[in-house]
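[1] sequence and predicted structure, then a few things I'm wondering about:
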Amino acid sequence: MNFVQRYTRYLRPHAFRILGMFLSGLMFVLFSGVSIWMAADFIQALFTGKVLVPELPEGPVTIANVAEVLKHYSAQMVAAGSALETLQRAILFIVGAFFFKNIALYLQTILAASVEQRVAQQMRDGLYEKLMAQDLAFFHQRKTGDLVAAGVNDVLQLNAGLAEAFSKLLRDPLTIIMFLILLLSISWQMTLGVLVIAPIAGIVTGVAGSSLKRKSKRTQARLGVVSSRLNETLYGMRIVQAYGGQKHETRSFDEATEDHYQHAVKRERLRRLVPRLEEMVGVLVISVILLVAGGRVLSGQWLQPDDFVRFLVLLFGLLTPLVSLAEVQAKLKVAEGAAERVFDLMDEEHQIDEVAQPKPVTGFKKEIRLEKVSLQYGGERGTALHDLDLEIRPKERLVLVGRSGSGKSSLLNLLPRFYDPHSGRILMDGIDLRELAISDLRSLFGIVSQDVTLFHDTVRANIAYGRPEMSMDRIREVAKQARADEFIEELPEGYDTNLGNLGERLSGGQRQRLSIARALLLDPPILLLDEPTSALDSDVAEEIQKTLDEVGEGRTVITATHRLSAIRPDDRVVLLDEGRLLADGTHTDLYASSDLYRELLSRQVEA
């Protein structure tokens, strides 16, 4: 679908405002014509002190005699008993025409602005909703800065270009049509010569248009790089300052902005050149016509002086909307480049889809079974899991261990369907996970990970994230279970304290305790713990581990960890290596049978 057609779908709900834009544009055109037409009567009154009222032509009004009809009525309105009064009337009509013309233009621009801003909001909301529905693989394959640039800058570029173009497309063609009718009625021979402007202008616009689209797309891509650099630096500011990376990051950011600047300047040079070229072509054509026709007019062979003045004023008035349409063409090409990036994101297919009639999820009662499961991320990451067979029983404590990159986190990501296996299947109580409602399935899991995500909101909102209706009693209950209630109460506003960006007001252990409280909110039967203590100091990690052991009682707990010291004697241990299951048993079993397990344990003891 053409991007303009697709954009038009966003305009349909605003039909009444667009009708208002059209009517105000029509009024602008009419009063523009009046102001230009009356200019000849003003000049005649100024230099002769009177305005001659020609006879009204007989018969119906046609293109051939419309100029005479208009001359009759305009002269009749201006003509008065004295030269001064005639001049005053001419000035009054011109001022009035300009006043109402600008009122009409103002109405059209404010209507266009309201439609433009509303459509921009709808597009951003639609893009954001699409991003929220995407799976994790989508975000792992794209830079955050590119997504931010698309949602903010590309939508702005697309909408600004199309909104202004749409407003002018409602107004300028009407102006051109009316001025051409008036020009034809004054002198069809001279008007035909003027029409040479159109094909020449079209050639100029066509040649530049395709180049503008390419340059616009490249420029927006460079802006995405700038956003990515800014996002990464702000997120990692602690590391930047700790390792003295300010100069390096400043240099990298300067290089990104310089690259964007170079591409933006190239785009703007071409975009701003197009209307200027068209204006020069128009002026040259008009100059040739004046040179040829001026002598004839002076000798009285073609037109009367007042008609020639009208023709000149209308001719130069025609040049303005022609140049404006050239700018529209240029802006449409710029908008098209931005549109491709925005609509490509909107059209991105989900990799995790829900069946049309999902089966209800009643809990976890029998087993989770992985049958010949393989997972491929694609690209450089390759295959994460190979033909994995595993059975997990209710209320079992399962610990996944192995080297970095062995597939521990990948296995955890499969259970709530953050990813789907490339081959094989995963069954819960005998039902394939792909046949279950995703929201119901994920409600069975409480997730605590190494990287704690807290939002710029209150403690209460962070614990009850996604469940704003949750009662305060339940929030306080899970906070106590996570041993977070005590430090929360010491905060300035307790549970209503805003945590700042990424929970920067809390220590690492405190952030992790809030994460545990959030995981317990819906009382899930399964806890997924992905390296929950790896980013913490040893003493804090031990305290957090004790809390996790307490809240895990009576639940199925699946932990991915490299801290083998956290393994309890009765825990079931699964050893993974390069995506394959090497051993499955208790700590004692694996220590006796697996060289890799003993190696991992000895390394940790030495450390």
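    Yes, it's here. Bear in mind that the values here come from a model prediction, so they are computed numbers and not experimental data.

[2] low-confidence bits of the stretch 1-150 of the chain, can you list those?
    1-4, 41, 44-54, 59, 61, 63-65, 67, 81, 145 (pLDDT under 70).

[3] which residues in it form helices?
    3-11, 15-48, 66-78, 83-133, 136-140, 144-149 (DSSP state H, counting those that start in this stretch).

[4] over to the stretch 451-600 of the chain?
    459-463, 472-481, 485-489, 508-520, 538-551, 587-593, 595-606.

[5] out of the helices of the stretch 1-150 of the chain, flag the one nearest Ile516.
    helix 136-140 (21.6 Å; Cβ to Cβ). (Each C-beta comes from the backbone N, C-alpha and C, glycine too.)

[6] from the chain's centroid, how far away is the closest one?
    17 Å (Cα atoms, centre = their mean, to the nearest Å).

[7] give me the contacts around it.
    Here helix 136-140 makes contact (Cβ atoms under 8 Å, 6 or more residues apart in numbering) with 147, 348, 351-352, 377, 413, 418-419.

[8] filter these down to the buried ones.
    147, 352, 413, 418-419 (16 or more other Cβ atoms under 10 Å).

[9] reformat the helices of the stretch 451-600 of the chain as CSV; add mean pLDDT.
    Listed next are these as CSV, based on pLDDT from 0 to 100:
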stretch, mean pLDDT
helix 459-463, 88
helix 472-481, 90
helix 485-489, 88
helix 508-520, 87
helix 538-551, 81
helix 587-593, 85
helix 595-606, 79
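
[10] tell me which of these lies nearest to Ala15.
    helix 459-463 (39.3 Å).

[11] gap between that closest one and the chain center?
    For helix 459-463 - counting by Cα atoms, centre = their mean - the centre lies 28 Å from the chain centre.

[12] show me what that helix is packed against.
    Packing partners of helix 459-463 (3 or more Cβ pairs under 8 Å, 6 or more residues apart in numbering; DSSP states H and E): helix 472-481, helix 508-520.

[13] buried deepest among those helices, which one?
    Greatest average neighbour count among those goes to helix 508-520 (a mean of 24), per mean count of other Cβ atoms under 10 Å.

[14] ok, and what's touching that helix?
    Helix 508-520 is contacted by residues 446-449, 452-454, 459, 462-465, 475, 478-479, 481-484, 487, 503, 506, 527, 532-533, 535-537, 540, 543-544, 547-548, 551 when judged by Cβ under 8 Å, 6+ apart.

[15] which of those residues count as buried?
    446-449, 452, 454, 459, 462-465, 475, 478-479, 481-484, 487, 503, 506, 527, 532-533, 535-536, 540, 543-544, 547-548, 551.

[16] that older thread, Thr383 is nearest to which of the helices and strands packed on helix 459-463?
    helix 508-520 (29.5 Å).

[17] show me the strands in the stretch 101-250 of the chain, by range?
    Counting by DSSP state E, counting those that start in this stretch, one finds no strands in the stretch 101-250 of the chain.

[18] reformat the helices and strands packed on helix 459-463 as a markdown table; add distance to Glu336.
    Output for those, formatted as a markdown table (distance: least, Cβ to Cβ, whole Å):
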| stretch | distance to Glu336 |
| --- | --- |
| helix 472-481 | 49 |
| helix 508-520 | 44 |
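
[19] relative to Ser404, which of those is closest?
    helix 508-520 (20.4 Å).

[20] tell me how many other residues crowd Val309.
    Around Val309 sit 18 other residues, with neighbours defined as other Cβ atoms under 10 Å.

[21] quick check: closest non-adjacent residue to it.
    Ala40 (4.5 Å; Cβ to Cβ, 6 or more residues apart in numbering).

[22] domains for the protein, by residue range?
    Here the domain parsing of the chain from automatic domain parsing is 3-346, 366-444+525-607, 455-523.

[23] nearest to Ala356, out of those domains?
    domain 366-444+525-607 (10.7 Å).

[24] surely Asp496 and Asp457 touch.
    No - Asp496 is beyond contact range of Asp457, at 10.2 Å (criterion: Cβ atoms under 8 Å).

[25] neighbour count winner among the two?
    Neighbour totals were compared for Asp496 and Asp457, and Asp457 leads with 14 against 11 (other Cβ under 10 Å).

[26] nearest to Leu169, of the helices and strands packed on helix 459-463?
    Short answer: helix 508-520, nearest of these by Cβ to Cβ, at 51.3 Å.
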